[in-house]
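>>> after the sequence you'll find the predicted model.
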Amino acid sequence: MLPYVVIIGRPNVGKSTLFNRLIRKNRAITHDRPGVTRDRLYGVVRYDDMERFALVDTGGLVLDSRDEVEKEIFIQAGEAVETADLILLVVDGRQGLTRLDEQLADMVRQSNKPVHLVVNKVDGREKSPELAADFYSLGIDLTTVSAAHGYNISELLDDILAKLPDVLSAEELDEKQRGLRLSFLGRPNVGKSSLLNTISGENRVMVSATAGTTRDCVDITLEKNGKLYTFIDTAGVRRRTAISDDLERFSVLKALKSSKRADIVFLVLDALTGPVAQDKKLLSFLDREKTPFIVLVNKIDMVPRPEQSKVKEMFRNEISFCAHAPVVYTSAITRAGLGGLIPLAEKLWEQSQVRIGTGELNRLVRDVTTRHQPPSIKGKRAKIYYMTQAGANPPEFVFFVNNPDLMKSSYRKYLEKQIRKLFRLDMAPLRLVFRESRG
């Protein structure tokens, strides 16, 4: 495993900007409003074309706060510090040393972990001595940087690496040990973060009764059964008309984007509310994009036992337009449905990667067209000459026909059903393409 470097500091000192700069991606949301980062964010820092360390961003810390969210941020940061191989304490060079900076420095010293001070918002070498002067009193090795403009980032990386233990890079790990990227997607407050915390066995993501607590897409790497799995928690996706806050709109876009970079998506629905219109839009989005996904109907423990069969039947009927997607009834409290979740995701991924020979596919064409010919349209009938597989993830099958316009949607569904049945592709999304050919 890569060593962990944890970024902490008071609100609005540029922690998320530094996180983005070091991982070279816009993963953390940066905003001029303090307190935007609430959960821990995870990324991997590459240097000299190698993965060097895992980087953890935390929310802005306010000590002795009565605010429930700020208390939770403090707990999250404390848990991150416990796992750290190195702590980066970030301060604002333009504002100078504050009482809260001094308190945070005392706190990280008590952790008995290596600490490096990052004096941020220093835009040039000539300003470094002046802006860093106050911070030397903390007695911590420091580097002056500008995360926004990239000043001195290479020197900071050298200072970080000098304090980290030598480890194998991720690229040197056996490729077979790498697991899947699993993303949680769903409306606010359906229990995505609670499920992730239960699966991981610790409070890795902040949970609150207030809808919309998770604003960033949070990556967490866990080892299970000798494989490394990356779980991605996402901000709740609301209807567009309900998104009035510009920050939340950005969070929704990042949530949808995160589902695109996952191998498998867990779409979390609420057993108590049933599949509402926004759930069906997310289902349609995943189905249209041909994303491998599993439906998790969460909070099933809160449905009285006599009513559970009725609720399950209702869900089956409501989401029947995505009949291939597996449905699992889960509870973050009782752990119902969670034990077999990763093996199910592995099976779905295996189906999504399948490759089928052209010979087998053309035997399928002969058999299915013999049993059931394409319907006639105005005296003309579609004819399938042959088919082939054009790609995987998702499996894409190309049918070469005399006229694609003669292929009715009902017959296309029939062909998909036969492919699924013969090749045991009951869960994977499939893409069927019909191209004109002269035979």
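Okay, I see it. Residues are numbered from 1 along each chain as shown.

>>> mind listing what's buried along stretch 349-362?
349, 351-352, 356, 361 (16 or more other CB atoms under 10 Å). Yep, even glycine has a C-beta here, placed from its N, CA and C like the rest.

>>> also stretch 428-439?
In stretch 428-439, counting by 16+ other CB under 10 Å, buried: 428-430, 432, 434, 437.

>>> then stretch 151-162?
Buried positions in stretch 151-162, judged by neighbour count with 16+ other CB under 10 Å: 151-153, 156-157, 159-161.

>>> repeat for stretch 101-114
For stretch 101-114, by 16+ other CB under 10 Å, it's 101, 104-105, 107-108, 113-114.

>>> and the contacts of that stretch?
Contacts to stretch 101-114, defined as CB atoms under 8 Å, 6 or more residues apart in numbering, come from residues 8-10, 61, 63, 81-82, 84-87, 89, 91, 115, 117, 135, 138, 140, 163.

>>> mean confidence score for that stretch?
Mean per-residue pLDDT for stretch 101-114: 86.

>>> what about dumping the CA coordinates of it to CSV?
Output in CSV follows, covering the C-alpha atoms of stretch 101-114 (Å, rounded to 0.1, in the frame of the first residue of the first chain):
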residue,chain,number,x,y,z
ASP,A,101,-2.9,27.8,13.5
GLU,A,102,-1.0,27.5,16.8
GLN,A,103,-3.7,25.3,18.3
LEU,A,104,-3.7,23.0,15.3
ALA,A,105,0.1,22.8,15.4
ASP,A,106,-0.1,21.7,19.1
MET,A,107,-2.8,19.1,18.1
VAL,A,108,-0.7,17.5,15.4
ARG,A,109,2.4,17.4,17.6
GLN,A,110,0.4,15.3,20.1
SER,A,111,-0.3,12.8,17.3
ASN,A,112,3.4,11.8,17.3
LYS,A,113,3.3,11.7,13.5
PRO,A,114,5.8,13.4,11.2
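
>>> how deep is the residue nearest to residue 221 when sequence neighbours are not counted tucked in, by neighbour count?
The shortest distance from residue 221 to any non-neighbouring residue, by CB to CB, 6 or more residues apart in numbering, is to residue 230 (5.0 Å). Residues lying near residue 230 (other CB atoms under 10 Å) number 19.

>>> mark which of the contacts of stretch 101-114 are buried, thanks.
Buried subset of those (neighbour count, 16+ other CB under 10 Å): 8-10, 61, 81, 84-87, 89, 91, 115, 117, 135, 138, 140.

>>> can you pull the contacts of the residue nearest to residue 221?
By CB under 8 Å, 6+ apart, the neighbours of residue 230 are 179-182, 219-222.

>>> confidence score at residue 263?
On the pLDDT scale, residue 263 gets 90.

>>> next one: residue 276
For residue 276, the predicted pLDDT is 86.

>>> next up, the contacts around it.
Going by CB under 8 Å, 6+ apart, residue 276 touches residue 187.

>>> from residue 302, how far off is it?
For residue 276, the distance to residue 302 equals 17 Å [CB to CB, to the nearest Å].

>>> partners of the helix or strand residue 6 falls within, with directions?
Assigned by DSSP states H and E, residue 6 belongs to strand 4-8. Using DSSP bridges, the strands paired with strand 4-8 are strand 50-57 (parallel), strand 86-92 (parallel).

>>> for residue 437, which non-adjacent residue is spatially closest?
residue 400 (3.8 Å).

>>> which strands and helices sit next to the helix or strand containing that neighbour?
Element membership for residue 400, per DSSP H and E: strand 396-401. Helices and strands touching strand 396-401, by 3 or more CB pairs under 8 Å, 6 or more residues apart in numbering; DSSP states H and E, are strand 384-391, strand 431-436.

>>> any idea which of these gets closest to residue 407?
Of all the helices and strands packed on strand 396-401, strand 431-436 sits nearest to residue 407, with 5.2 Å by CB to CB.

>>> now the closest one: mean pLDDT?
Strand 431-436 shows an average pLDDT of 93 in the prediction.

>>> what is the orientation angle of that strand with strand 384-391?
Angle between the axes of strand 431-436 and strand 384-391 is 140 degrees (criterion: axes from the mean of the first three to the mean of the last three CA atoms, to 10 degrees).

>>> by contact count, what packs against strand 431-436?
Applying 3+ CB pairs under 8 Å, 6+ apart, one finds that strand 431-436 contacts strand 396-401, helix 409-423.

>>> of all the ones you listed, which lies closest to residue 297?
Smallest distance to residue 297 across the helices and strands packed on strand 431-436 (CB to CB): 22.7 Å, for helix 409-423.

>>> flag every buried residue along that closest one.
411, 414-416, 418-420, 423.

>>> quick one, helices of the stretch 51-200 of the chain?
For the stretch 51-200 of the chain, applying DSSP state H, counting those that start in this stretch gives helices covering 68-82, 99-110, 128-132, 153-162, 192-200.

>>> any chance of these in a markdown table, plus distance to residue 145?
Shown next, in a markdown table, are the helices of the stretch 51-200 of the chain (distance: least, CB to CB, whole Å):
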| stretch | distance to residue 145 |
| --- | --- |
| helix 68-82 | 21 |
| helix 99-110 | 16 |
| helix 128-132 | 9 |
| helix 153-162 | 5 |
| helix 192-200 | 32 |
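
>>> what about the stretch 151-300 of the chain, any weak spots by pLDDT?
In the predicted model of the stretch 151-300 of the chain, residues 166-178, 201-219, 233-261 satisfy pLDDT under 70.

>>> ok so, going back, in its sheet, what does the strand holding residue 400 sit against?
Counting by DSSP bridges, strand 396-401 is paired with strand 384-391 (antiparallel), strand 431-436 (parallel).

>>> can you tell me what sits against stretch 402-417?
Contacts of stretch 402-417 (CB under 8 Å, 6+ apart): 368, 372, 374-375, 377, 380-383, 385, 399, 401, 430, 432, 434-439.

>>> one more: stretch 422-439?
Identification of contacts with stretch 422-439 by CB under 8 Å, 6+ apart yields 287, 290-292, 324-326, 347-348, 351-352, 354, 356, 360, 364, 383, 385, 390, 394-404, 407, 412, 415-416, 419-420.

>>> what residues sit buried inside stretch 371-379?
Across stretch 371-379, burial judged by 16+ other CB under 10 Å covers residue 374.

>>> picking that back up, buried only: go through the contacts of stretch 422-439 for me.
287, 290-292, 324-326, 348, 351-352, 356, 364, 394-402, 407, 415-416, 419-420.

>>> how near is residue 299 to residue 305?
Taking CB to CB as the measure, residue 299 falls 14 Å from residue 305.

>>> the two - which one has more neighbours?
More neighbours surround residue 299 than the other of residue 299 and residue 305, with 21 against 7 (other CB under 10 Å).

>>> wait, what's in contact with that one?
Contacts of residue 299 (CB under 8 Å, 6+ apart): 190-191, 270-272, 331.
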